[in-house]
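Trainee: here is a sequence with its predicted model. Questions after.
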Amino acid sequence: MTTPSADPHWWRRAVVYQVYPRSFQDTNGDGIGDLQGIIDRLDYLNDGTHRSLGIDAIWLSPTFPSPMKDFGYDVSDHRGVHPDFGDMAAMDRLIAECHHRGVRVLLDFVPNHTSDQHPWFRESRSSCDNPKRDWYIWRPPGPGGALPNNWLSAFGGPAWTFDDATGEYYLHSFLTEQPDLNWRNPEVERAMHDVLRFWMDRGIDGYRIDVVGMIVKHPELADNPVDTLYRDPAGQAIGFSRKNNQNYHDVYDAVRRIRCVIDEYPGRVAVGEVFGTHDEIARYYGGDALDGLHLAFNFKFIHDTDRRDGYTPWDAATIRGILLGAEQAVPPGGLPCYALANHDRPRFISRHNEDGRGLERARAAVLLLLGARNVPFLYYGEEIGMTDVDIPEDRLQDPARFRSIGRDPARTPMQWDATPGRGFSTAEPWLPYGPPSINVAAQVDDPASILALHRDAIRIRKQEPALHSGTMELLESPPGTVLFVRRAEGHRPILVALSTATEPLALPIPPAFSTILLASDPPLPAPPPRGRLNLPPLTAAWLA
Ligand code: GLC
């Protein structure tokens, strides 16, 4: 199988689109999206013309066999395809069809844990002296049956489950059904490296790596200290930091060894799902040698820590701080990697809609995400302005109710048209649909739609070296605004301006910028008088 072009650095200029396979397109009438559905919709993503979105790569949330306790993040066979999604032949076809269109394919690599139904764990739990016992993290109970330490599951409750058969606890940083692998065991590391090779041998272009910052823990599994960040409003401690099970210092060495495996295959890329401070995130790039991951997600436009429920406000000072923080932390030659939404958090519009103006903010955010120096990841449906969907209690699917109703509202089927099945399925969908008015068909020919705005922004980004490959310099600007210049040698610079204010603002800009290339708020604001830009409320613009 071939990859689309020989440029090993293709990903540096890429716009990546996250497909949640269960929710993209159903073709076999079971109400669940499948790989054939993704193939059928590839022209929407990139048909080589300006009618399509024009993305460069897709990342598929897990497609592997799984009991679906955590919707695929509980893998029971790393080398197959879940029958809900199709089979290996369908995956091969998808890879080939993507490559045919010049679109790269990233799969999800879930290294921290497997399903409890994975043959490795079945063996591991079968007896204390099974050769795979040490592939997972088992500990005897403390005095009086005490838990081995104070670590908590990200989904609530202790990270330990007692296994009656062998009288020990096993560690699970997520659901009970997701036991953590022991990456300190070289056999585990080797086996997981082989999983990486398996899919790269089949032609995929890289991986998004699930919670990679947790794979190597404190060797003695020491307690986590109580962290003052995690107190309820009354001051009561409600959680612990993850000092000893996240971003633990030698996880960075394991990451370098993952990079070595990726490097066996030219032109492949690895992006890590990581959490922490700007510096902790940036360390995943591997320092000045850049021998860690190619990219590490910076989720700070969504939330600041991985566990507080507080979402990042849409506020210029905060946005500026995030851009500066990331720029300062990422080592020279590295590129930040931002997302405004994903399958784990409420959708952008729903996070910023207190006053009903979420869509305006979302439109401005497109120009921020695609204007900033970074490799941007778009979450399916955001490009048409999908919002969180109210799910009736009896249809909730996500077992992780750590955010009361879980993550289902942001995972509902893609809305292709306004028909009862939204063009997604002929059957009852696995999750209910959103309002029929939000759909692709209604927007595809409307130049004022948020879909057209995405298309235009991606196209212009591709045409302008300053945007896809340039440096970024943040300028001083009045409160409520963010202003930066992108520059690439030998090409025209681009100015990006954003206002998060709800009243119109005028801001001084370098006089060299006099043409508006794209504005989030149509019709285009009048051409700026020299040295001054009038920004309507909650808008953004690109200028040359
Ligand atoms: C990541 C995934 C999330 C999953 C968890 C456990 O955070 O994005 O969906 O539940 O890891 O694998």
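Mentor: Alright, I've got the coordinates.
Trainee: which other residues reach stretch 310-321?
Mentor: Applying C-beta atoms under 8 Å, 6 or more residues apart in numbering, the contact partners of stretch 310-321 are 300-304, 322, 345-346, 351-352, 361, 365, 368, 474, 477, 479-482, 498-501. Any C-beta I mention is one placed from the backbone N, CA and C, and that applies to glycine too.
Trainee: could you list the domains of the chain?
Mentor: 10-114+185-462, 119-171, 471-543 (automatic domain parsing).
Trainee: quick check: end-to-end length of the first one?
Mentor: Length of domain 10-114+185-462, first residue to last, C-alpha to C-alpha, to the nearest Å: 12 Å.
Trainee: what about that domain, distance to the chain center?
Mentor: Chain-centre distance of domain 10-114+185-462: 2 Å, with C-alpha atoms, centre = their mean, to the nearest Å.
Trainee: rewinding a little: and the domains of the chain: which comes nearest Gln178?
Mentor: Within the domains of the chain, the stretch nearest Gln178 is domain 10-114+185-462; the backing value is 4.2 Å (C-beta to C-beta).
Trainee: what about the closest one, near the ligand?
Mentor: Yes: counting by C-beta under 6 Å from any ligand atom, the ligand has neighbours in domain 10-114+185-462: Asp70, Tyr73, Val110, Asp210, Val211, Glu273, His343, Asp344, Ala400.
Trainee: how about those in TSV, adding secondary structure?
Mentor: Shown next, in TSV, are the residues of domain 10-114+185-462 next to the ligand (DSSP: H, G, I helix; E, B strand; the rest coil):
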residue	secondary structure
Asp70	coil
Tyr73	coil
Val110	coil
Asp210	coil
Val211	coil
Glu273	coil
His343	coil
Asp344	coil
Ala400	coil
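Trainee: on the three-state scheme, Arg361 is what?
Mentor: helix.
Trainee: spatially central residue in the protein, please.
Mentor: Geometric centre of the chain, nearest residue: Asn342, 5.1 Å, by C-alpha atoms, centre = their mean.
Trainee: dump the residue contacts of that residue.
Mentor: Counted by C-beta under 8 Å, 6+ apart, Asn342 has contacts Gln18, Phe299, Ile302, Phe377, Tyr379, Ala410.
Trainee: again, but for Arg79
Mentor: Counted by C-beta under 8 Å, 6+ apart, Arg79 has contacts Phe64, Val195, Phe198.
Trainee: burial check on the first one, number of neighbours?
Mentor: Going back to what we said before, that points to Phe64. 24 (other C-beta atoms under 10 Å).
Trainee: the closest residue to it other than its chain neighbours in helix, strand or coil?
Mentor: With sequence-adjacent residues excluded and distances taken as C-beta to C-beta, 6 or more residues apart in numbering, Phe64 is closest to Val75, at 4.8 Å. Following three-state DSSP, Val75 is assigned to coil.
Trainee: for Asn245, see how far away Val75 is.
Mentor: If you measure Val75 against Asn245 using C-beta to C-beta, to the nearest Å, the figure is 20 Å.
Trainee: where's Ile458, which helix or strand?
Mentor: helix 450-463 (DSSP states H and E).
Trainee: now what about that helix, what contacts it?
Mentor: 13, 15, 50-55, 359, 362-363, 366-367, 370-371, 378, 383-385, 440, 443-444, 446, 467-468, 517-518, 520, 542.
Trainee: pull the distance from it to the chain's centre.
Mentor: With C-alpha atoms, centre = their mean, you get 20 Å for helix 450-463.
Trainee: let me see the mean pLDDT of that helix.
Mentor: Here helix 450-463 scores 98 as its mean pLDDT.
Trainee: likewise for stretch 182-198?
Mentor: 99.
Trainee: helices or strands up against the longest helix anywhere in the chain?
Mentor: Counting by DSSP state H, the longest helix found in the chain is helix 186-201. Contacts defined by 3 or more C-beta pairs under 8 Å, 6 or more residues apart in numbering; DSSP states H and E place helix 186-201 against strand 104-109, strand 206-209, helix 251-263.
Trainee: who's in contact with that helix?
Mentor: By C-beta under 8 Å, 6+ apart, helix 186-201 touches 78-79, 107, 109, 111, 120, 135, 181-183, 206-207, 254, 257-258, 261-262, 264-265, 268.
Trainee: could you find the lowest-pLDDT member of the residues of domain 10-114+185-462 next to the ligand?
Mentor: Scoring those by pLDDT puts Ala400 last, at 80.
Trainee: contacting residues around Leu431?
Mentor: Going by C-beta under 8 Å, 6+ apart, the list of residues near Leu431 reads Ser23, Val389, Ile391, Arg395, Gln397, Asp408, Arg411, Thr412, Pro413.
Trainee: contact partners of the helix or strand just after the helix holding Ile458?
Mentor: Next helix or strand after helix 450-463 toward the C-terminus (DSSP H and E): helix 465-469. With contacts defined as C-beta under 8 Å, 6+ apart, helix 465-469 is touched by 12-13, 370-371, 460-462, 486-488, 490-494, 542.
Trainee: for the stretch 151-300 of the chain, which segments count as strands?
Mentor: 160-163, 168-171, 206-209, 269-272, 295-298 (DSSP state E, counting those that start in this stretch).
Trainee: what about stretch 480-493, start to end distance?
Mentor: Using C-alpha to C-alpha, the two ends of stretch 480-493 sit 23 Å apart.
Trainee: contacts for it?
Mentor: Residues contacting stretch 480-493 (C-beta under 8 Å, 6+ apart): 316, 319-320, 323, 368, 371-373, 464-467, 469-477, 494-501, 505, 507, 509-510, 512-513, 535, 544.
Trainee: can I get the buried part of those residues as one PyMOL selection?
Mentor: Selection of the buried residues among the contacts of stretch 480-493 in PyMOL, burial being defined by 16 or more other C-beta atoms under 10 Å:
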select buried, resi 316+319+320+323+368+371+372+373+464+465+466+467+469+470+472+475+477+494+495+496+497+498+499+500+501+505+507+509+513+535+544
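Trainee: doesn't Ala541 lie inside a strand?
Mentor: Yes: when three-state DSSP is applied, Ala541 is found to be in a strand.
Trainee: specify the beta-bridge partners of it.
Mentor: Ala497, Ala519 (DSSP bridges).
Trainee: go ahead and confirm it touches Ser520.
Mentor: Yes: counting by C-beta atoms under 8 Å, Ser520 is a contact partner of Ala541 at 7.0 Å.
Trainee: what sits against the residue of the stretch 1-150 of the chain found nearest the ligand?
Mentor: Here the residue of the stretch 1-150 of the chain nearest the ligand is Tyr73; by C-beta to the nearest ligand atom that distance is 3.3 Å. Contacts for Tyr73 (C-beta under 8 Å, 6+ apart) come out as Pro62, Ser66, Asp108, Val110, Phe174, Gln178, Asp210.
Trainee: 6 Å - rerun?
Mentor: Going by C-beta atoms under 6 Å, 6 or more residues apart in numbering, Tyr73 touches Pro62, Val110.
Trainee: kindly report the same for the one 5 residues further on.
Mentor: With contacts defined as C-beta under 6 Å, 6+ apart, His78 is in contact with Val195.
Trainee: Pro8 falls within a helix, correct?
Mentor: No: read with three-state DSSP, Pro8 is coil and lies in no helix.
Trainee: quick check: it touching Tyr265?
Mentor: No: with contact defined as C-beta atoms under 6 Å, Pro8 does not reach Tyr265; the gap is 9.9 Å.
Trainee: okay, those two: which has more neighbours?
Mentor: More neighbours surround Tyr265 than the other of Pro8 and Tyr265, with 18 against 14 (other C-beta under 10 Å).
Trainee: can you give me the helices in this structure?
Mentor: 35-40, 42-45, 88-100, 119-126, 186-201, 251-263, 278-283, 316-329, 348-351, 358-371, 440-443, 450-463, 465-469.
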